[in-house]
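>>> test case, fold it:
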Amino acid sequence: MSYFDRFRLKLRQYINTKSTAKNQDRFATNKKYNIEVIDTESSRIDKDCRDLNDVTFLIPVKIEHPDREKNINLSIDFLRHHFDTNIMVAEESSNPQLEYLKDKCQYYHYSTNSIYTHKTKILNKIAQKTDTEIIVIWDTDSLVEKLQILTAYKLVKDKKLDMVCPYDGICVDFSQSSHQYLVRQKYELSKISPALFKLNYEDSVGGAVFFNREIFMEGGMMNERFVSYGWEDNELIERFAKLGYRIGRINGVLVHLEHYRDKNGSKNNLFAINNRQELQKVQMMNQQQLRAYVEECLKVK
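Residues are numbered from 1 along each chain as shown. Coordinates of the predicted model:
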């Protein structure tokens, strides 16, 4: 049994001991949209593959606390260690704080005096700058095991799926104090003790999503009516599923790098009610109404 297989087995056993979800709650999103969860072994991928030059990882960031800066550096270093690929970082701030990242990736600064992020708008801006066949919406605080990334990549590359989340819905937290262990293990998540992870959520939909770039544009990109934190990822999967695009997920977890949360990172933020209402509006539309909504309201002109 490989390191990855042992890691996945031990982590799954650990999660099951910590789970508080009812059977109907775990993977509820996958069941709702009839999303297939695909095993990493089923795609017969080259586990040593580094070439993801036809992929661009899009990372929006707002540094409201030093935790965020530590996390984005770890996330970028993780991706660069495992892959030859393209990474775009878009920072929202009054003054640039991350310009030094130009040595690691493509860096863009968008000036704002607001304490709230407009992540959806920033993602659309940098998505339009890409010229790769595949793009990945990748949160500042996300890590995913290499084999899961490669499986998601191959499914989109081979045009078997249009949108792939490289994990099954389980999200685990990884503390700031544990970063050193990952670096020592040369960014191999499968070599980290499951005891260093803490169960966060059992029906997560955000954090990391692979798209065929043309499909992402065609389906309306990110919905810029969502501001700050909350429900933008739920709306994204609701919209693309309802429009009939092929969506899949990969067996395995998303690792969330823990960080301090201010008002911007809480579902009690100033825009939470509006965000929730926007999600509910999209949920109430039929496919024809949603297609019209995408064309009239969501597509960036």
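
>>> ok, the residue nearest the centre of the chain - contacts?
Centroid check for the chain by Cα atoms, centre = their mean gives Ala208 as the closest residue, at 1.7 Å. Listed by Cβ atoms under 8 Å, 6 or more residues apart in numbering, the contact partners of Ala208 are 136-139, 142, 144, 165-167, 254. Quick note: C-beta positions are derived from backbone N, CA and C, even for glycine.

>>> same check, this time on His179
His179 sits next to 70, 74, 257 when contact means Cβ under 8 Å, 6+ apart.

>>> bridged to the last one, which residues?
Bridge pairing for Leu257 (DSSP bridges) gives the partners Phe174.

>>> hmm, Leu143 and it touching each other?
Yes. Under the criterion of Cβ atoms under 8 Å, Leu257 makes contact with Leu143 at 6.7 Å.

>>> find the residues that touch each one of those two.
Residues touching both Leu257 and Leu143 by Cβ under 8 Å, 6+ apart: 74-75, 174.

>>> which of the contacts of His179 count as buried?
Listed as buried from the contacts of His179 are 74, 257; burial here means 16 or more other Cβ atoms under 10 Å.

>>> quick check: Lys31 vs Lys160, distance?
According to Cβ to Cβ, to the nearest Å, Lys31 and Lys160 sit 21 Å apart.

>>> my bad, should have said Cys49
Separation of Cys49 from Lys160 (Cβ to Cβ): 17 Å.

>>> of the two, who's got more company?
With neighbours defined as other Cβ atoms under 10 Å, Cys49 and Lys160 compare such that Cys49 has more, 16 against 13.

>>> tell me the secondary structure at that one.
With DSSP: H, G, I helix; E, B strand; the rest coil as the basis, Cys49 sits in coil.

>>> in terms of pLDDT, where does Tyr116 sit?
On pLDDT, Tyr116 comes in at 87.

>>> one more: the one 4 residues further on?
Per-residue confidence at Thr120 stands at 97 (pLDDT).

>>> which residues in the chain form strands?
Remark: strands assigned in the chain by DSSP state E are 36-38, 51-61, 84-93, 106-111, 134-138, 142-144, 163-165, 171-174, 197-201, 208-212, 247-250, 254-257.

>>> between the ones you listed, which one is closest to Asn268.
Across these, Asn268 has its closest neighbour in strand 197-201 (17.2 Å, Cβ to Cβ).

>>> thank you, goodbye.
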